[in-house]
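Participant: Starting from these lines, generate the structure:
(one chain, ligands or ions: 1)
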Amino acid sequence: MTAALDAQGLYGGPGGLIAGLDLHLAPGERVALIGPNGSGKSTLLRLLARQLAPRGGTVCLEGRDLAQLGRREAARSLGILPQAPALPEGVTVRELVTRGRFPHRGLLSGGGVSDKDLVEQALRDTGITHLAEREVHGLSGGERQRAWIAMALVQEPRVLLLDEPTTYLDLAHAHEALGLLQRLATERGMTLLMVLHDLSQASRFATRVIALRAGQVVAQGPPAEVITPPFLREVYGLEARVLPDPETGTLLIIPRS
Ligand SMILES: Nc1ncnc2c1ncn2[C@@H]1O[C@H](COP(=O)(O)OP(=O)(O)OP(=O)(O)O)[C@@H](O)[C@H]1O
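Facilitator: Residues are numbered from 1 along each chain as shown. Got it, this is the predicted structure:
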């Protein structure tokens, strides 16, 4: 099966942090990228999306070398929601979300009816229809984060990279946003690679976790096989208990005092 995203021998980032990394995402996979602060998670996402130019290696998107695709063409297939996206001034939520359709539009066409429908759907899915006419600048961190997620969704990428998508969200909205991404990934066969710090969230919403330390993949596999007390001790320097949620069987991580 052709990989949704396939990186081979990837080099780059500050100080050559990522040095010869391989990464393979199967279509429809939901993968959580985990690891301590400064381990290179954001750098890796940026290299994969070519926001940072790699110094070596290849990144293929559904079998096609990303370096050979035009920006627009790449953006139709690969979306990225960075950790701190640049915030445009004087732009309403609806305008921002509509920008997600730009890679799909012809040079001369305006927003088609289906584009408008997609935008309204994404506003509803992320629970921000009531904020549509508000300026993005004046929103709370969590409201803004949902607007960015809506923008990424209307882009309808085949592969979506998300850098800490739940950081500013309260518990209910974080749960809802990850549930929405999970549902869309299943329905559309979209592949997700998301940086998540909350390992309980990662265990619940990801089919696989990839752990980075100092720019290297140190573990990967199903969450229950990777996130264990010895792993937490070695990679995070944290003594913790890992218990199965009695209802879902997914992991609960409880630091020891
Ligand atoms: N523009 C830059 N110039 C110099 N060093 C940088 C730059 N950007 C990142 N770094 C360094 O590269 C390393 C990896 O940073 P990166 O943001 O990729 O880590 P991360 O795993 O995403 O961290 P976090 O969990 O804190 O978001 C860090 O040590 C960081 O200080």
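Participant: Please, where are all the helices along the stretch 1-150 of the chain?
Facilitator: 41-48, 71-77, 93-99, 113-125, 141-154 (DSSP state H, counting those that start in this stretch).
Participant: between the last one and helix 113-125, how many degrees?
Facilitator: Here helix 141-154 points in a direction 150 degrees away from that of helix 113-125 (axes from the mean of the first three to the mean of the last three C-alpha atoms, to 10 degrees).
Participant: ok, then the element right after helix 141-154?
Facilitator: strand 159-163 (DSSP states H and E).
Participant: which strands and helices sit next to that following strand?
Facilitator: Counting contacts by 3 or more C-beta pairs under 8 Å, 6 or more residues apart in numbering; DSSP states H and E, strand 159-163 is packed against helix 41-48, strand 78-81, helix 141-154, strand 191-195. Any C-beta I mention is one placed from the backbone N, CA and C, and that applies to glycine too.
Participant: Pipe the ones you listed into JSON lines and attach distance to the ligand, mean pLDDT and mean neighbour count per row.
Facilitator: Listed next are these as JSON lines, based on distance: least, C-beta to the nearest ligand atom, whole Å; pLDDT from 0 to 100; neighbours: other C-beta atoms under 10 Å:
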{"stretch": "helix 41-48", "distance to the ligand": "3", "mean pLDDT": "96", "mean neighbour count": "24"}
{"stretch": "strand 78-81", "distance to the ligand": "13", "mean pLDDT": "92", "mean neighbour count": "23"}
{"stretch": "helix 141-154", "distance to the ligand": "15", "mean pLDDT": "90", "mean neighbour count": "22"}
{"stretch": "strand 191-195", "distance to the ligand": "6", "mean pLDDT": "97", "mean neighbour count": "25"}
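Participant: what residues does the stretch 1-150 of the chain put near the ligand?
Facilitator: 14, 17, 35, 37-43 (C-beta under 6 Å from any ligand atom).
Participant: Export the helices of the stretch 1-150 of the chain as CSV, with columns for distance to E187.
Facilitator: Converted to CSV, the helices of the stretch 1-150 of the chain look like this (distance: least, C-beta to C-beta, whole Å):
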stretch, distance to E187
helix 41-48, 24
helix 71-77, 17
helix 93-99, 19
helix 113-125, 11
helix 141-154, 12
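Participant: right, and those - which one's nearest L87?
Facilitator: Judged by C-beta to C-beta, the one of the helices of the stretch 1-150 of the chain that comes nearest to L87 is helix 141-154, at 7.6 Å.
Participant: so how far is that closest one from its chain's centroid?
Facilitator: 12 Å (C-alpha atoms, centre = their mean, to the nearest Å).
Participant: Report the inter-axis angle for it versus strand 159-163.
Facilitator: Going by the same axes, to 10 degrees, helix 141-154 makes 170 degrees with strand 159-163.
Participant: hang on, the earlier thing: most widely separated two among the residues of the stretch 1-150 of the chain next to the ligand?
Facilitator: Within those, P14 and G35 form the most distant pair, 15.8 Å apart (C-beta to C-beta).
Participant: neighbour count winner among these two?
Facilitator: Legend: neighbour count by other C-beta atoms under 10 Å for P14 and G35, higher for G35 (24 against 10).
Participant: residue contacts, the spatially closest residue to that one that is not a sequence neighbour?
Facilitator: With C-beta to C-beta, 6 or more residues apart in numbering as the criterion, G35 has its nearest non-adjacent residue at 3.7 Å, and that residue is L212. Residues counted as contacts of L212 (C-beta atoms under 8 Å, 6 or more residues apart in numbering) are 33-35, 39-41, 44, 218.
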